[in-house]
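*Asks:* Return a 3D structure for these sequence lines:
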Amino acid sequence: MPVGTLDDLSVAGRRVGVRVDINSPLDDGGLADDARLRAHEQTLSELLEKDARVAVLAHQGRPGGDEFETLATHAERLDELLDAPVSYADANFGTAAREAVESLEPGTAVVLENTRFYAEEYMQFEPEEAGETHLVAGLAPALDAFVNDAFAAAHRSQPSLIGFPQHLPSYAGRVMESELDVLGDVEATERPRVYALGGAKVSDSIDVAWNVLESGLADQVLTAGVVGNVFLLADGVDIGDASADFIYDEGYWDEIDRAADLLDAHGDRIRFPQDVAVERDGERHEIGLNALPGNEGEAAMDIGSETLRMYKSVLADAETVILNGPAGVFEDPTFATGTRELYRAASDVPFSIVGGGDTAAAIRRLGIDGFSHISTGGGACLRLLTGQALPAVEALRHGYDAD
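*Replies:* Residues are numbered from 1 along each chain as shown. I've put the predicted structure just below:
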């Protein structure tokens, strides 16, 4: 069943609830990075230019965390970014929230309070149950339609994401539409198709590798970071105590076995590091795998030059690359080389997809551009790439029925 988009929605004068994902890093009480707000400019601008009365719903931080704050700063920044007035209301359901929405003039918006200030928003629900929560039941009567543009949160089943489609005609915003068009149609991209999987989300990366290798989506899988170290262990390589202890301390024992099974099944299409960079006397020092055994205090911090040459050679022949996770501890300039050079090589591939989350943050930090598509969602992107359904998208497909 297809998902409706803004092309299917008539909005002039109507009150439209728009769920976005503007959960952003904060710095001294302000926004340290407004990239997620800018991602939703197209959706919000399009609605406001068509004289919709827009109520923005979003979350910020986690309960008890340092970044669990109000959305007042976000509203101020959206007011600067959009060519329309944007106000802020410190309520997200109930009389105050409904009055804030109902008093909107056409072509104006209000940012409602952090949805996670409401306890049930931090719980998981079935769609029908989500539709009966206080947030949804209290706010839905003030709205005429609902738009979900929060792809980055689409893998969650919280009330603000899946509850409103139980009561209102519901549509995908432009971010959601673009993500589903690209990530939901990876099999249509040109081959050879390479997946480069790095970072520390080992379980997610092995899920992706299993899915794309078993289904035939991937011609090659390149591994780096902690993911690459797990595959080295799975291949019987002694990676040294420091790197191995981290993997064991993080509870990745079972992932080593899964990686070994994957190598047995598809080892001819999986590449893992042949050398690594460690810190020695405060400097970057590259060593081959034969120098890792007995290496007690020097953890692998990056892929080495030989690995980078091999991976670049694979990418030079690729037509499509899906990139997820850094190659090492890129936050430290000494060990950013592998991530930076791997990403640059990936950006030269004719069609390149970046898997959001930490990968997108690394790309911004390293100042690399030229990618075909940068996803706004790490977890949602991975889930879609492993063939799993996204609760928020399923709610759009199977929600409100006017009959």
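
*Asks:* got the residue ranges for the helices in the stretch 201-350 of the chain?
*Replies:* Under the criterion DSSP state H, counting those that start in this stretch, the stretch 201-350 of the chain carries helices at the ranges 202-214, 225-234, 241-249, 253-266, 305-316, 337-347.

*Asks:* Of those, which is nearest Gly387?
*Replies:* helix 202-214 (5.6 Å; Cβ to Cβ). Using the backbone N, CA and C atoms, a C-beta is placed for each residue, glycine as well.

*Asks:* Could you check how far the closest residue in space to Gly13 that isn't next to it in sequence is from Arg364?
*Replies:* Distance criterion Cβ to Cβ, 6 or more residues apart in numbering; nearest residue to Gly13, sequence neighbours excluded, is Pro106 at 5.1 Å. Taking Cβ to Cβ, to the nearest Å as the measure, Pro106 falls 35 Å from Arg364.

*Asks:* okay, the two: which has more neighbours?
*Replies:* Neighbours were tallied for Pro106 and for Arg364 using other Cβ atoms under 10 Å; the higher tally belongs to Pro106 (16 against 13).

*Asks:* That one is in contact with Arg15, isn't it?
*Replies:* No - shown here, Pro106 and Arg15 do not form a contact pair, counting by Cβ atoms under 8 Å, at 9.8 Å.

*Asks:* Give the residues shared as contacts by the two.
*Replies:* Shared contacts of Pro106 and Arg15, defined by Cβ atoms under 8 Å, 6 or more residues apart in numbering, are found at 52-53.

*Asks:* To Asp8, which of the helices of the stretch 201-350 of the chain lies closest?
*Replies:* Using Cβ to Cβ, the helices of the stretch 201-350 of the chain put helix 202-214 closest to Asp8, at 31.1 Å.

*Asks:* What helices and strands are in contact with that closest one?
*Replies:* If contacts are counted by 3 or more Cβ pairs under 8 Å, 6 or more residues apart in numbering; DSSP states H and E, helix 202-214 sits against strand 193-197, strand 220-223, helix 225-234, helix 253-266, helix 378-385.

*Asks:* What residues sit buried inside it?
*Replies:* By neighbour count on 16 or more other Cβ atoms under 10 Å, the buried set for helix 202-214 is 202, 204-213.

*Asks:* Pull the residues that contact it.
*Replies:* 195, 197-199, 217-218, 221, 223, 226-227, 230, 247, 250, 252, 255, 258-259, 262, 265-266, 269-270, 324-325, 379, 382, 385-387.

*Asks:* Apply 7 Å and report the result again.
*Replies:* 195, 197, 218, 221, 226-227, 230, 252, 255, 258-259, 262, 266, 269, 324-325, 382, 385-387 (Cβ atoms under 7 Å, 6 or more residues apart in numbering).
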